[in-house]
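Chemist: test case, fold it:
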Amino acid sequence: MLRSKKYLFLFMLSFWSLIIVILTVYPRLESPASGITFLDKIAHFLQYFVFSVLLIHYLLQSSYSIKRTRYLLGGLAVPLSVLTEIFQLFIPGRNFCFFDILANFLGFCLGFTYLFLY
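Modeler: Model prediction:
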């Protein structure tokens with residue numbers, strides 16, 4: 001049972017990572033008109049929160065200690081947040097946005113908080 005949960009979380013993490021990659025490389029991605037001015041930032045926040053929660057569950061199912069999981073998640077938060085934005089500099093119609101990095105990082109932070117409550 002434990003082994004099947006591990007692979008389930010690996011599948012979900014891989015699928016979610018693929019979604020993030022697709023959304024990152026898609027040129028000129030427009031947010032739907034909804035009257036919410038920070039919808040893009042909310043999407044960034046939720047993307048990386050879900051990613052961090054799936055990563056936490058996968059690592060814990062893979063026999064990583066909570067301490068080691070915290071270090072790994074903490075070590076991924078800033079580089080992954082920054083690299084995805086830098087990568088967008090090379091995509092036509094996309095640009096670098098510091099506030100996207102901040103939203104990504106805050107999503108990781110909420111995931112990190114979830115780990116402390118786990």
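
Chemist: ok, residue 5 - contacts?
Modeler: Residue 5 sits next to residue 61 when contact means C-beta atoms under 8 Å, 6 or more residues apart in numbering. Glycine gets a C-beta too; all of them are placed from N, C-alpha and C.

Chemist: same question for residue 99.
Modeler: Listed by C-beta under 8 Å, 6+ apart, the contact set of residue 99 reads residue 41.

Chemist: any idea which residue sits dead centre in this structure?
Modeler: For the chain, the residue sitting closest to the mean C-alpha position, by C-alpha atoms, centre = their mean, is residue 48 at 2.4 Å.

Chemist: how much space separates that one from residue 66?
Modeler: Here residue 48 is placed at a distance of 20 Å from residue 66 (C-beta to C-beta, to the nearest Å).

Chemist: try residue 95
Modeler: Separation of residue 95 from residue 66 (C-beta to C-beta): 38 Å.

Chemist: neighbour-wise, which of the two wins?
Modeler: With neighbours defined as other C-beta atoms under 10 Å, residue 95 and residue 66 compare such that residue 66 has more, 13 against 9.

Chemist: tell me the contacts of the more buried one?
Modeler: 60, 115, 118.

Chemist: just the buried residues from those residues, in PyMOL please.
Modeler: Selection of buried members from the contacts of residue 66 for PyMOL, criterion 16 or more other C-beta atoms under 10 Å:
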select buried, resi 60+115
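
Chemist: out of the contacts of residue 66, who's nearest residue 3?
Modeler: Of all the contacts of residue 66, residue 60 has the smallest distance to residue 3: 13.5 Å, by C-beta to C-beta.

Chemist: show me the contact partners of the helix or strand hosting the closest one.
Modeler: Counting by DSSP states H and E, the element that carries residue 60 is helix 39-61. Helix 39-61 is contacted by residues 2, 5-6, 9-10, 12-13, 16-17, 19-20, 23, 31-32, 36, 66, 68-69, 72-73, 76-77, 80-81, 99-100, 102-108, 110-112, 114-115, 118 when judged by C-beta under 8 Å, 6+ apart.

Chemist: just the buried ones from those residues, in PyMOL syntax?
Modeler: Selection of buried members from the contacts of helix 39-61 for PyMOL, criterion 16+ other C-beta under 10 Å:
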select buried, resi 6+9+13+16+20+69+73+77+80+81+100+103+104+105+106+107+108+111+112+115
